[in-house]
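Got a sequence here, can you model it:
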Amino acid sequence: MMQPFEKTLPFKTDGAYHGFAEVSGMLHIERDHLELEFEVKDSFLGALKSGPKQLEIAYADLSNLTYVRTLFTSRLEIKVKRLGVLSRFPAAKDGMISLKIKRKLKEEAEDIATYANLRIAEIGLENLEG
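Residues are numbered from 1 along each chain as shown. This is a model prediction of the structure:
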């Protein structure tokens, strides 16, 4: 059993509601799930904001997390096993969400991806053992 691990990572996404909105928030990593705390605002003026929303994703529902760094962007990609898991997240597409991460938070993003993937594997093994 893994030791408790607590990290928080701010993120943004684009492309919500066909590019008319932006999602910003915090990813919290917990023992049994990932928690996305976010709000949605319009892309034009930024004046229209939703209230804070929360989405918990159990590790058993996750497929994997991948940290991707390109020349201009840094992202944390979260893939799930079932589409319904992300139905309340406005920027979800094809069972995946892509969170923009500031480059200076690279180590935190990599740590979160590693921890989450280990938890996914650990829960998979527990399910096999019965």
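
all contacts plus neighbour counts: C-alpha atoms, from now on.
OK.

I figured residue 31 was touching residue 5, is that so?
Yes: applying C-alpha atoms under 8 Å, one finds residue 31 in contact with residue 5, separated by 7.0 Å.

Those two - which one has more neighbours?
Ranked by neighbour count (other C-alpha atoms under 10 Å), residue 31 and residue 5 place residue 31 first, with 15 against 12.

For the more buried one, give its distance to residue 61.
Residue 31 sits at a distance of 14 Å from residue 61 (criterion: C-alpha to C-alpha, to the nearest Å).

Ok, residue 80 next?
Relative to residue 61, residue 80 is positioned 6 Å away (C-alpha to C-alpha).

The two - which one has more neighbours?
residue 80 (21 against 16).

Quick check, central residue of this protein?
residue 78 (5.3 Å; C-alpha atoms, centre = their mean).

For the closest residue to that residue other than its chain neighbours, list the residues it contacts.
Nearest non-adjacent residue to residue 78, counting by C-alpha to C-alpha, 6 or more residues apart in numbering: residue 65, 4.7 Å away. By C-alpha atoms under 8 Å, 6 or more residues apart in numbering, the contact set of residue 65 is 76-79, 113-114, 116-117.

Good, wrapping up.
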